[in-house]
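[1] The sequence and its predicted three-dimensional model are supplied below.
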Amino acid sequence: MKATNGYSGVQIALHWLVAVLIIVAWFTGEGADEALDMIEDGGVAGFVPHVAVGLAILALVLVRLLVRLSRGAPAAPGVPGSWQVAAADWGHRLIYLLMIAVPLGGISVFFLGLEVGDMHELAANALMLIVLGHALVALYHQYVLKDGLLRRMMKAG
Ligand code: HEM
Ligand code: HEM
């Protein structure tokens, strides 16, 4: 992948938009659970915010992945080859994987009727825990190491 000097405006906008949507999706999961119960009881579910938000996340993450693969991203700060840089790279890959796998799991439950609701919830909780760690590391860089890391996700470079 190409190493760039900074994230583009599109990459930054997608980062924060998807972050907000993931938090909304996480808090609205129960609504989808209830809609599913209505459908199973022979009723029809109307507009389901969780499903709409979840599908939007999947679409935006696929765009984001294509942008990242074609445009590239800045190398993680730190000594090349160090465990910190490897942890950042693999951590970001794991987040991408979960941002795709979690909505696909939701689709399997809601549209395909597969009984993988527990796995979907477990993977969603894992995603939330990992991004919580991710945010804490970002804040540690910004306020303890004072290396201005947050600026990379604020201002296009
Ligand atoms: C659901 C919430 C979040 C998700 C899914 C997420 C995901 C990601 C991913 C995948 C990257 C890699 C760059 C890319 O390809 O876009 C990234 C970078 C970054 N994130 Fe987040 N993020 C979230 C929340 C946050 C929060 C709350 C903060 C700040 C407190 C933050 C700060 C950053 C920074 C500073 C970078 C750039 C790191 C670098 O320069 O290498 N993120 N994020
Ligand atoms: C990143 C995106 C998503 C996140 C973070 C997420 C998160 C969650 C969480 C935490 C739950 C458990 C709620 C509870 O029972 O208390 C849940 C349930 C559910 N979600 Fe999602 N979800 C996402 C995407 C989707 C999508 C795209 C769909 C459907 C197209 C979907 C459909 C469902 C369904 C049907 C349930 C109920 C599962 C069951 O109890 O059997 N989700 N989701």
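    Thanks, I have the structure now. Ligands and ions are numbered 1, 2, ... in the order given.
[2] and A45, what pLDDT?
    With respect to pLDDT, A45 scores 89.
[3] Assign it to helix, strand or coil.
    coil (DSSP: H, G, I helix; E, B strand; the rest coil).
[4] Hmm, it is touching D33, no?
    No: here A45 does not reach D33: they are 10.9 Å apart, not a contact under C-beta atoms under 8 Å. Just so you know, the C-beta spots here come from the backbone N, C-alpha and C atoms, and that holds for glycine as well.
[5] For the chain, which segments are assigned as helices?
    Per DSSP state H, the chain carries helices over the ranges 9-40, 49-71, 83-110, 117-140, 149-152.
[6] Let's have those helices in JSON lines, adding mean pLDDT.
    Listed next are the helices of the chain as JSON lines, based on pLDDT from 0 to 100:
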{"stretch": "helix 9-40", "mean pLDDT": "97"}
{"stretch": "helix 49-71", "mean pLDDT": "98"}
{"stretch": "helix 83-110", "mean pLDDT": "98"}
{"stretch": "helix 117-140", "mean pLDDT": "98"}
{"stretch": "helix 149-152", "mean pLDDT": "96"}
